[in-house]
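In: build the 3D model from these lines:
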Amino acid sequence: MSGMIRYTATALALTLAACSNAEPEKAPAEVPEQPVTAEPVAPPPAAPSPPSIGPTTGGDGSEIILTPLTGAEIEEADLQGELGCSFATAGAAPLLIAMGNVASKEPAFGLIKIGDYVERVAAPGGFDGMLKGATFSGRGTTIRIALTGPATGGGESPPSPATLTFDRMDGAQRVFAGRWSCGP
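Out: Numbering: from 1, shown residues only. Have a look, this model is predicted:
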């Protein structure tokens, strides 16, 4: 049966070639079958560290590495509050996110991801205490958000250029440049 299909396909190809002014195509030379070998799969590239103003200074010499939070990590944390703020570097997911209530003396609670570890942090003053920057504390860490210029862009809550300064209990410090956004 396969001979009949091959004969029909060849006849069709010759007929089409004869109807056109082009010469019939030559069949490609058969390539001898070679054993398929699996190429080693390279691991996916590591997520790039967000841009920082400088390297980690002080401390025990180990690098401070902050990793963008994923949507699943933020959802799993179930942060409570009416409104929130976040710090992100250009084009990246947030490095820090926090929620708080307006006109509250209760703290705002947030998340930051240090390497692969998601840590909860808190800042006094609820949502209002975060609007112009804030100081968050966690286990052995202090994170300061400082606005470095006026808000840019339109909308209800345009972001402001800011820095995130991460201080570790051992005296290590690293500063990241990005934007601070607060609102709904």
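
In: quick one: the helices in this structure?
Out: Taking DSSP state H as the criterion, the chain carries its helices at 2-19, 71-77.

In: return the member of those helices having the minimum mean pLDDT.
Out: Looking at the helices of the chain, the lowest mean pLDDT belongs to helix 2-19 (a mean of 35).

In: next, count neighbours for T70.
Out: The local packing of T70 (other C-beta atoms under 10 Å) involves 13 other residues. No exception for glycine: its C-beta is placed from N, CA and C like everyone else's.

In: typed the wrong thing, it's G115
Out: Should you count by other C-beta under 10 Å, G115 turns out to have 10 residues around it.

In: contacts for stretch 161-174, please.
Out: Judged by C-beta atoms under 8 Å, 6 or more residues apart in numbering, the contacts made with stretch 161-174 from elsewhere in the structure are 52-60, 62-64, 66, 87, 95-96, 112, 133, 140-149, 152, 175-180.

In: tell me which residues of stretch 108-126 come out buried.
Out: Along stretch 108-126, the positions that meet the burial threshold by neighbour count (16 or more other C-beta atoms under 10 Å) are 108-114, 118, 121-123, 125-126.

In: next one: stretch 177-184
Out: For stretch 177-184, by 16+ other C-beta under 10 Å, it's A177, G178, R179, W180, S181, C182.

In: one more: stretch 67-74?
Out: Of the residues in stretch 67-74, those buried under the neighbour-count criterion (16+ other C-beta under 10 Å) are T67, P68, L69, I74.

In: these two touch, right, A108 and V121?
Out: No. No contact is recorded between A108 and V121 when judged using C-beta atoms under 8 Å, the distance being 9.1 Å.

In: what about E73, distance to D170?
Out: Here the distance between E73 and D170 works out to 25 Å (C-beta to C-beta, to the nearest Å).

In: who's the closest spatial neighbour of M99, skipping the chain neighbours?
Out: Take M99 and drop its neighbours on the chain: the residue closest to it by C-beta to C-beta, 6 or more residues apart in numbering is G81, 3.1 Å away.

In: what does E106 give?
Out: Taking C-beta to C-beta, 6+ apart as the measure, E106 lies nearest to G126, with 5.5 Å between them; neighbours along the chain are not counted.

In: rewinding a little: for the residue nearest to M99, what are its contacts?
Out: Residues near G81 by C-beta under 8 Å, 6+ apart: A98, M99, G100, N101, A108, F109, G126, F127.

In: out of these, who's nearest P159?
Out: A98 (14.7 Å; C-beta to C-beta).

In: for that closest one, what are its contacts?
Out: Residues counted as contacts of A98 (C-beta under 8 Å, 6+ apart) are 79, 81, 84-86, 108-111, 121, 123, 130, 134, 136.

In: let's go with 10 Å and repeat that
Out: For A98, the contacting residues are 79, 81, 83-87, 107-112, 120-123, 126-127, 129-130, 134, 136, 143, 145, 182, taking C-beta atoms under 10 Å, 6 or more residues apart in numbering as the criterion.

In: no further queries at this time; thank you.
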